[in-house]
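1. Dropping the sequence and predicted coords here.
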Amino acid sequence: MEKLWQIIAQENTGENLPRISTLLLKKLVKGQMNSQKIYVGHIPASYDANTVEQLFSAYGKITEVVYPTDKKTKQPKGYAFVTFANPGSAQRALEKHDEELQDQKLIVEIAVEKTTRKKVDDPIDEEKQ
């Protein structure tokens, strides 16, 4: 919550702020965001988890890199989650947003935790029963 008030205070002083949407701000207040973890999208296919870690290690100590791959092809899905030891490092890493890598602009945002989804009744499953 303290970080939220720091962001609001900076906004009122006109300092340059990392881009943060109203939706993300609401999720931060509700505790649905981990301010130490970032989402990185549009990662070039030639990158591996070590390359992603090197790309962000300049911003602080990294505790985890999750770089999902397709189960069938074993190819990277093109996004990753990077967790830093402290929230300040994650905030600084947002500077990489829109940085161009191999003709693709990176997407870098504070990660939002998954919400539980309501299962929709599947009419095909009902027919099987």
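-> Sure, I can see it. Numbers count the residues shown, from 1 in each chain.

2. you'd agree Ser35 is up against Val112?
-> No. Ser35 lies out of contact with Val112 (C-beta atoms under 8 Å); the separation is 10.8 Å. All C-beta spots, glycine's among them, are computed from the backbone N, C-alpha and C.

3. overlap in contacts of those two?
-> By C-beta atoms under 8 Å, 6 or more residues apart in numbering, Ser35 and Val112 have no common neighbours.

4. Let me know the secondary structure of the closest residue to Gly78 other than its chain neighbours.
-> Nearest non-adjacent residue to Gly78, counting by C-beta to C-beta, 6 or more residues apart in numbering: Ile43, 5.4 Å away. Secondary structure for Ile43, judged by DSSP: H, G, I helix; E, B strand; the rest coil, is coil.

5. Ala111 is in what secondary structure piece?
-> strand 107-112 (DSSP states H and E).

6. tell me what that strand is packed against?
-> On a contact count with 3 or more C-beta pairs under 8 Å, 6 or more residues apart in numbering; DSSP states H and E, strand 107-112 meets helix 22-30, strand 33-41.

7. hey, least reliable of the ones you listed by pLDDT?
-> Sorting the helices and strands packed on strand 107-112 by mean pLDDT places helix 22-30 lowest, at a mean of 57.

8. Low-confidence stretches in the chain?
-> 1-34, 115-129 (pLDDT under 70).

9. list the buried ones in stretch 77-92?
-> For stretch 77-92, a neighbour-count test (16 or more other C-beta atoms under 10 Å) marks 78, 80-84, 87, 89-91 as buried.

10. Could you list which of those residues belong to strands?
-> If you go by DSSP state E, these have 80-84 in strands.

11. you'd agree Pro44 is up against Glu100?
-> No. Under the criterion of C-beta under 8 Å, Pro44 makes no contact with Glu100, lying 10.3 Å away.

12. And the two? Which one has more around it.
-> Taking other C-beta atoms under 10 Å, Pro44 and Glu100 do not tie; Pro44 has more neighbours (13 against 9).

13. Let me see the contact set for the closest residue to His97 other than its chain neighbours.
-> Distance criterion C-beta to C-beta, 6+ apart; nearest residue to His97, sequence neighbours excluded, is Val108 at 4.2 Å. By C-beta under 8 Å, 6+ apart, the contact set of Val108 is 38-41, 93-97, 99.
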